[in-house]
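A.B. asks: What would the 3D arrangement of this be:
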Amino acid sequence: MLRGCLVFVLAMMVGCVEAQLIECADGRACPLGTACDDIHASCVEPAQLAECVGVSQETPCEAGAVVGVCLDEVCLEPGCGNGIVEPGAGEVCDDGGRDAGDGCAPDCRSREVCSDGVLAPGEACDDANLVDHDGCDSRCQLEQAAWTTTPVAPPRGEGGYYGAPGTFDEQRGVLVVPAGPVVWEWDRVRWTLHVPVIPLVVEAAAYDRTAAVVTAIGRNGPDRVLATWDGAEWQLRDATGTPQGYDSLRAVYVDHLASLLVGLYGTAYLVDTATATWTPVGSLPPASGSYVFGYDRVREVVVGISDGYVPCCSDPVLPQTWEWTGGGWTTFPTSPAPYAEQRLVFDGARGQLLSIGGTTTYQASECCDSVNLFATVEGWDGSAWTPVATPTIPEGAYPAAWFDATTGTLGLTAPDGHNYELGTTLVDRTVPQPIGIAQVANDPVRGRVIAVTRRASYFSGLEVWAWTDHWERLTTGPGPAEVSAMAFDPVRGAIVAAETYPYRLWAFDTDWQLLGAGPAGISTMGYDFVGQRMILGTTNMYGAARNWALDSTSVTATPLVFDAGPAGISGQFAWDSSTAQVVALSTAGGLYDLTPDGWAQTLSPGTGYVLVPRLRAGGILLAPLANALVPAWLREGDAWRITPWERVAWGTTTLAAEREDGTTTVFYDGSIVRDLRSAGPGIDETCAAGEDADGDGLTACDDRDCWVTCTPLCPAAMSCAP
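C.D. replies: All right, here's what the predicted structure looks like:
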């Protein structure tokens, strides 16, 4: 009976409550005296609805105790956490709460997803895109910019590799080639570059067979010093009696005396490599001014050859052969066939000292000499030089020759810098390397940088090389004799190049195609991605600059309608994706933007810079390639900032290019290639159909990393990219 009464009382109470509610259209109930806000699923005062009927969004309003703004025709108090997205207040979401990590940031300004430009929990960065290799990867993790160096081979010239003659380290089985402050090593397969902390400029070096180490004489600053090479660093010796002054010297290691014999200023010195003591041992024989040394390990004598030449109007000055056993010099009235620049090397297989190559100069007049080149190999028996039968070798003066006991063959560095192995056959082991790069341009379609060389002579053409992670010389058909400027055209899918003379324009994809005649004196070019045209810069013989446009579907360049700018634009062009403009760096050091009204100067960075585009990351890079005293700068939009740039005290920087993955590749001619690349912990996108390698939720052409193949006219950093 009691239970039934309780049920009756409760039922009466519920009925009373229901009588004080009003029913909303969506089935909800609001208290009497309030109104249903069906849009926001809430109950409000009637005045809050009446105040905002027909009123624009986020208009200030006042309804009783509520002072706020009209949101969907309801006067509400603004603020994150009210469940209403208020774009005018910068909100992009509002889930009614203020918690982090739930898909709406505590300030309602981010959905807490990578690429919205707002730092969210778990994100180390957010640059408002999903592009990799721009400093912040597609998973919003920081990328570090780092340099990598690819040593190709020592820089080469007409005299072979620049620097001191190479010395073979018999213990380690490598050729050691000092070149200024760096040291190159050759192991018959590849070159390795060492940058010692001690910048020793080597004058002469020889292998110490007693200590099994390369010993060098050189300069550390103004002083001549003695040092040994351990494969990574120079070890300075505490020497006594070292002669100073500036003059060329020659050195050879004398096994039976465990010393170096050094010729300097017409005086011979013995350098005890154990005690590092210099001792004069008499004068050198009279010579024409230059000579070479070698050591006969079988007969235990030092052999020298003085230079000879053929004057214009007198008898020849004959070369002489010398021998030194420790007690004085013996001169022989005989010499190899060349008069000068022979390379002496002891052949352990033959047990004989050999003279390899050389030259003879005929002085026709003070300004016109002729030189004969020799490919001879001759052996010394203590009384005469006689020809030695070997495979044919290149003619000329050899920078280095050595014997490799491991292979039983001679190693030769030829006059053009090629490396050969001379045994029963002549084997070319040269690492491919262009010499004298004139221009470079990246070919993103084929994933390589194309480099063209300067024409070696009037009768020779230029060479075309491709760089990926090594150099490859390309076989091409007829093309330009010389190239003064080039840049990639994404519509043509080819590099457009300007010929120095005659004035013609060419395209290069896998071979040369002639486009037609071009303006005279093209010195630079760059691609305009909005106008889909190449912008050309010309300079006439009086230094006056002019600009031209080459449409991607045309073969004829037309003049631009505006002047070139106050300082003349004849330097470098690049595309700035952050401003969608062509940018120019003049030869006078002024930076200009190409606006619809003409060139507008924005900065005067000065000379010594190279202008590099940043199609992936956006902006432009001012790289200090020719001036080590200035910083590198990045411009993104209107903002400038200094960017890290690693300077080196070796190598001559020539040109730079941006690769398709955003890497800035710097070329020290064909000798050294350095890459500056931003990389993070993620994996690079492959752009394969259906594959999301970098984990950003996008595949194939939906991924902005794939712009090169998907939208070549819209670089990743431009708003038109997917």
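A.B. asks: Give the helix, strand or coil label for the residue nearest to Phe374 when sequence neighbours are not counted.
C.D. replies: Spatially, and ignoring its direct neighbours in sequence, Phe374 is nearest to Pro338 (4.3 Å; Cβ to Cβ, 6 or more residues apart in numbering). The way it works is simple: take the backbone N, C-alpha and C, and place the C-beta from them, glycine included. Look at Pro338: counting by DSSP: H, G, I helix; E, B strand; the rest coil, its state is coil.
A.B. asks: Need the pLDDT of Pro338.
C.D. replies: Pro338 is assigned 96 on the pLDDT scale.
A.B. asks: any idea how far it is from Gly589?
C.D. replies: Here Pro338 is placed at a distance of 50 Å from Gly589 (Cβ to Cβ, to the nearest Å).
A.B. asks: Those two: which is more packed in?
C.D. replies: Legend: neighbour count by other Cβ atoms under 10 Å for Pro338 and Gly589, higher for Pro338 (26 against 15).
A.B. asks: In contact with that one, which residues are there?
C.D. replies: Pro338 makes contact with Ser355, Gly357, Gly358, Thr359, Thr360, Asn372, Phe374, Thr376, according to Cβ atoms under 8 Å, 6 or more residues apart in numbering.
A.B. asks: Tabulate these (TSV), appending pLDDT and secondary structure.
C.D. replies: Shown next, in TSV, are these (pLDDT from 0 to 100; DSSP: H, G, I helix; E, B strand; the rest coil):
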residue	pLDDT	secondary structure
Ser355	98	strand
Gly357	96	strand
Gly358	95	strand
Thr359	94	strand
Thr360	93	strand
Asn372	93	strand
Phe374	97	strand
Thr376	97	strand
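A.B. asks: Low-confidence ranges, the protein, go.
C.D. replies: Across the chain, the ranges flagged by pLDDT under 70 are 1-19, 157-164, 288, 365-367, 456-460, 563-567, 651-653, 721-722.
A.B. asks: just the helices in it please.
C.D. replies: Remark: helices assigned in the chain by DSSP state H are 2-18, 46-50, 707-710.
A.B. asks: Which strands or helices does the second one pack on?
C.D. replies: What it means is helix 46-50. Where contact means 3 or more Cβ pairs under 8 Å, 6 or more residues apart in numbering; DSSP states H and E, helix 46-50 is packed against strand 35-37, strand 60-63, strand 75-76.
A.B. asks: Output those strands as TSV; include the columns mean neighbour count.
C.D. replies: Listed next are the helices and strands packed on helix 46-50 as TSV, based on neighbours: other Cβ atoms under 10 Å:
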stretch	mean neighbour count
strand 35-37	19
strand 60-63	16
strand 75-76	24
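A.B. asks: out of these, nearest to Ala517?
C.D. replies: strand 60-63 (67.6 Å; Cβ to Cβ).
A.B. asks: List the contacts of the closest one.
C.D. replies: Glu45, Ala47, Gln48, Ala50, Glu51, Cys52, Val55, Val67, Gly68, Val69, Cys70, Cys75.
A.B. asks: rerun at 6 Å
C.D. replies: Ala47, Gln48, Glu51, Cys52, Val69, Cys70, Cys75 (Cβ atoms under 6 Å, 6 or more residues apart in numbering).
A.B. asks: I'd say the third one and Cys75 touch.
C.D. replies: In other words, Glu51. Yes - judged on Cβ atoms under 6 Å, Glu51 makes contact with Cys75 at a distance of 4.5 Å.
A.B. asks: still on that earlier bit, could you point out which of the contacts of strand 60-63 is nearest to Thr242?
C.D. replies: Val69 (87.1 Å).
A.B. asks: My guess is the closest one contacts Glu77. True?
C.D. replies: No - the criterion here is Cβ under 6 Å, and Val69 misses it with Glu77 at 8.4 Å.
A.B. asks: Looking only at neighbour counts, state which of the two leads.
C.D. replies: Val69 (21 against 13).
A.B. asks: What about the closest residue to that one other than its chain neighbours, how many residues nearby?
C.D. replies: With Cβ to Cβ, 6+ apart as the criterion, Val69 has its nearest non-adjacent residue at 4.7 Å, and that residue is Glu58. By other Cβ under 10 Å, the residues close to Glu58 number 15.
A.B. asks: all strands of the stretch 101-250 of the chain, in order?
C.D. replies: 144-151, 156-157, 160-161, 167-169, 174-179, 182-186, 191-194, 201-208, 213-220, 223-229, 234-236, 249-254 (DSSP state E, counting those that start in this stretch).
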